[in-house]
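Novice: no sequence for this one, just the structure:
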């Protein structure tokens, strides 16, 4: 049994039957709270709720998967600290991956569902598909990354996670076949969304982790992907009242 946690924007928690190796995990339950703050108040309650709904005891968990961001300092810290604590108490492996990977996986999964319907009508589109993900980074910036799914189904990240002004990355992101994420809702003129996917779904985070693990990717790091200094950065030197 796997527990997935993401706090890169909203709070999302999922539980799945299976492991990261072998067949894709079966997502049993997902819970989310889309408030951008109060992560510390809702995360543990959501974990208890999703486990209860799935009929799973914490002692049955065999692995934890956590989103590493990018995202705001406080929100990411809540998710990562909680994931590390649960994994340590239970003595189970902890795996981390970019939260953007999870949202890209969800976008491609929804496209796949739509293409199945198109195939029945004879209008399906085969071939590579590109995905742009843009999350609100505050300070009038977005966290972003780009992905490509080949006709074989293999998904690769073609642009690593970064943080920039929307105008600076609008051309490359809007050139993608799919563009999703909370940044599209804040900057719709520069980053028009192609689908209504705003926050990371922890179920798709688990499935993305399984796909990466099957490909031999190293998911051992759970260091947060802040990409820039925290908003409340500590001053480097004390200012003198005399201006010296």
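Specialist: Structure received. What you see is a predicted model; the values in this text were computed from it and never measured. Numbers count the residues shown, from 1 in each chain.
Novice: Show me where the protein has its strands.
Specialist: 2-6, 11-17, 26-33, 63-67, 94-97, 129-136, 142-149, 155-164, 178-180 (DSSP state E).
Novice: pLDDT on the fourth one, on average?
Specialist: In other words, strand 63-67. Averaging pLDDT along strand 63-67 gives 98.
Novice: Please name the strands paired to it in the sheet, noting orientation.
Specialist: strand 2-6 (parallel), strand 94-97 (parallel) (DSSP bridges).
Novice: again with the second one
Specialist: On the basis of DSSP bridges, the sheet neighbours of strand 11-17 come out as strand 2-6 (antiparallel), strand 26-33 (antiparallel).
Novice: Tell me where this protein is predicted with low confidence.
Specialist: 36-38, 113-125, 229-244 (pLDDT under 70).
Novice: show me where it has helices.
Specialist: Assigned helices in the chain, in chain order: 39-54, 73-90, 99-121, 166-174, 182-186, 202-214 (criterion: DSSP state H).
Novice: Ranking those by mean neighbour count, which comes first?
Specialist: By mean neighbour count, with neighbours taken as mean count of other C-beta atoms under 10 Å, helix 202-214 ranks first of those at a mean of 25. C-beta coordinates here come from the backbone N, C-alpha and C atoms, glycine included.
Novice: Can you check what angle separates it from helix 73-90?
Specialist: Orientation of helix 202-214 against helix 73-90 (axes from the mean of the first three to the mean of the last three C-alpha atoms, to 10 degrees) gives an angle of 70 degrees.
Novice: outside of helix 202-214, which residues touch it?
Specialist: For helix 202-214, contacts defined as C-beta atoms under 8 Å, 6 or more residues apart in numbering pick out 2, 4-6, 12-14, 16, 18, 20-21, 24-25, 27, 30, 32, 65, 67, 95, 97, 99, 101-106, 109, 155, 219.
Novice: Spit out the contact partners of the nearest residue to residue 157 once chain neighbours are set aside.
Specialist: The shortest distance from residue 157 to any residue other than its chain neighbours is 5.4 Å, reached at residue 147 (C-beta to C-beta, 6 or more residues apart in numbering). Residues counted as contacts of residue 147 (C-beta under 8 Å, 6+ apart) are 101, 104, 108, 130, 131, 132, 133, 155, 156, 157, 158.
Novice: just the buried members of the residues you listed?
Specialist: Among the contacts of residue 147, those that count as buried by neighbour count (16 or more other C-beta atoms under 10 Å) are 101, 104, 108, 130, 131, 132, 133, 155, 157.
Novice: hmm, which two among those are most spread apart?
Specialist: 101 and 130 (14.7 Å; C-beta to C-beta).
Novice: and the residue sitting nearest the centre point of the chain, how far is that from residue 151?
Specialist: Nearest to the mean C-alpha position of the chain, counting by C-alpha atoms, centre = their mean, stands residue 99 at 2.2 Å. Going from residue 99 to residue 151 by C-beta to C-beta, to the nearest Å gives 27 Å.
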